[in-house]
Every structure is written in C-alpha cells, then in structure tokens.
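Participant: fold the following, please.
(2 chains)
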Amino acid sequence: AQSVTQLGSHVSVSEGALVLLRCNYSSSVPPYLFWYVQYPNQGLQLLLKYTTGATLVKGINGFEAEFKKSETSFHLTKPSAHMSDAAEYFCAVSVVDSNYQLIWGAGTKLIIKP
Amino acid sequence: EPEVTQTPSHQVTQMGQEVILRCVPISNHLYFYWYRQILGQKVEFLVSFYNNEISEKSEIFDDQFSVERPDGSNFTLKIRSTKLEDSAMYFCASILRLENAQYFGPGTRLTVL
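Facilitator: Predicted coordinates for the structure are as follows:
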C-alpha cells in the first residue's frame, strides 16, 4: 500500500529565507507525486506535479520539487520565502493500481516570520 | 480558467438527516472524486467515479454514502443518515486523464449537530 509522510506538522522560516518542506513516500510501483497548497478557508490548489521525465519540477509561486527515487523523496523548496506563502502544504501520491486516487500526507503548516 | 465548483460552501444539519453535497466538475473532465478532511486530520479518499459508475471506494464510503451524476454536469455526494463523525470538509475533484493532476473545488464544510 502507498503512504506519504511529511516531516514536521509546522515549519517556521523568516521572510526571505529558504523554504524546505519534506515529503517521503512508499510505493511498490512508480508513483505520480503532487504538492498542493491550502490557504486559510480555501480549497486545495495544485503547486506542482511529477509524473515522468525531468525529476526537478517547477511549480507556481516560485516553488520547485525534486523526485529522488533512491531516497523515495519529493521535497518542496523555495529559495526565498514571502509572507504570502503562509499556508498548509500537502504532499500526495497516486498510483495506477489504486485507480489514481490520491493518498495524502498529513500536511505541513508553513509559518513565515517577518 | 475553468474550475470545479461546489455548493453549498457550508451545510449544517441534524444527526440522522440526509444531506446532498453538489459539485460541478470541469466540463470536459471524465474522472470524478470525493475526498474529505476532518478538522486537523489528513485528507482522505472517499470514492472515484468514471463512466457513470463507481470505480473505486474506500472503507469510509459505506452504505450511508452514494454518488450520482444525474445530468451530465453535476456530481453529487449523498449521505443518507448523517452522524456526528461525518462533520468534515468535503472536496470534489475532477480530471480529464488519469495521469493528470486532480483539480479541486473549494470544498463544502459539513457540520452535523
């Protein structure tokens, strides 16, 4: 069965600092990997995805993530945090043998300090 | 840009009552999903729907739940007799092809009293 682990329920960084949100997955078949963002009282918005091809994927708002198969990781980064990045971030995986349903991590709340 | 819409944004109901949550997926999409997120917990898969039938469902999706695509545009989730533990945010999602990312609606917050 697939699972997703996000390390750290809360991550706090200063404005302008590097953002690193960690995601590890387990899957017996090649996964598709996603990061979604949820702003307060809003829905889930796709940040970026990895399906095949280049392992470094770029998303919206300056975020990027790298698929590392050997480490079963898909960590999300942004070089310089902005106050508007404060939100909850979810890593998710889908695989063909689960009819591509999304399996979710528990989420990481990103806090930006001025 | 096309988007998934959901109504109502907030539904309050009494325990034991039936509720219907409505979703309008993106018009040319073929696969449809319901997820829920209990406050403070993970997002959980409920059901996927394709070609007018359920393609996959989770253990949560018991006989109290049903889904329907009554008119080719709406996609509904019915909870026949709500329980307190059904209180959650319910998200609808749709995709054109299975390898695409799912597009989510803004959610319906269901409160069961």
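Participant: for residue 105, which residues are in contact?
Facilitator: Picked chain A for this. Residue A:105 makes contacts with A:4, A:5, A:6, A:23, A:90, A:91, A:92, B:42, as judged by C-beta atoms under 8 Å, 6 or more residues apart in numbering or on different chains. For glycine as for every other residue, the C-beta is placed from the backbone atoms N, C-alpha and C.
Participant: look at chain B instead
Facilitator: A:43, B:3, B:4, B:5, B:6, B:23, B:91, B:92, B:93.
Participant: run the last query once more with 6 Å
Facilitator: A:43, B:4, B:5, B:6, B:23, B:92 (C-beta atoms under 6 Å, 6 or more residues apart in numbering or on different chains).
Participant: tell me the two of the contacts of residue A:105 that are most distant?
Facilitator: Taking C-beta to C-beta, the two most distant members of these are A:23 and B:42; they sit 13.2 Å apart.
Participant: name the residue closest to the centre of chain B, please.
Facilitator: When C-alpha atoms, centre = their mean is applied to chain B, the residue found nearest the centroid is residue B:34 (3.4 Å).
Participant: report pLDDT for that one.
Facilitator: Residue B:34 carries a pLDDT value of 97.
Participant: the one 5 residues further on too?
Facilitator: With respect to pLDDT, residue B:39 scores 89.
Participant: how far away is it from residue A:46?
Facilitator: 23 Å (C-beta to C-beta, to the nearest Å).
Participant: look at the two and report which has more neighbours.
Facilitator: Comparing residue B:39 with residue A:46 by other C-beta atoms under 10 Å in any protein chain shown, the one with more neighbours is residue A:46, at 17 against 8.
Participant: so the more buried one makes contact with residue B:101?
Facilitator: Yes - between residue A:46 and residue B:101 there is a contact at 4.9 Å, judged by C-beta atoms under 6 Å.
Participant: which of residue A:23 and residue B:42 has more residues huddled nearby?
Facilitator: residue A:23 (24 against 18).
Participant: the more buried one belongs to a strand, doesn't it?
Facilitator: Yes - secondary structure of residue A:23 (DSSP: H, G, I helix; E, B strand; the rest coil): part of a strand.
Participant: and the pLDDT for the closest residue in space to it that isn't next to it in sequence?
Facilitator: Leaving out its chain neighbours, the residue that sits closest to residue A:23 by C-beta to C-beta, 6 or more residues apart in numbering or on different chains is residue A:91, at 3.5 Å. Looking at residue A:91, its pLDDT reads 96.
Participant: and for residue B:99?
Facilitator: 73.
Participant: burial of it, as a residue count?
Facilitator: Residue B:99: 13 surrounding residues under other C-beta under 10 Å.
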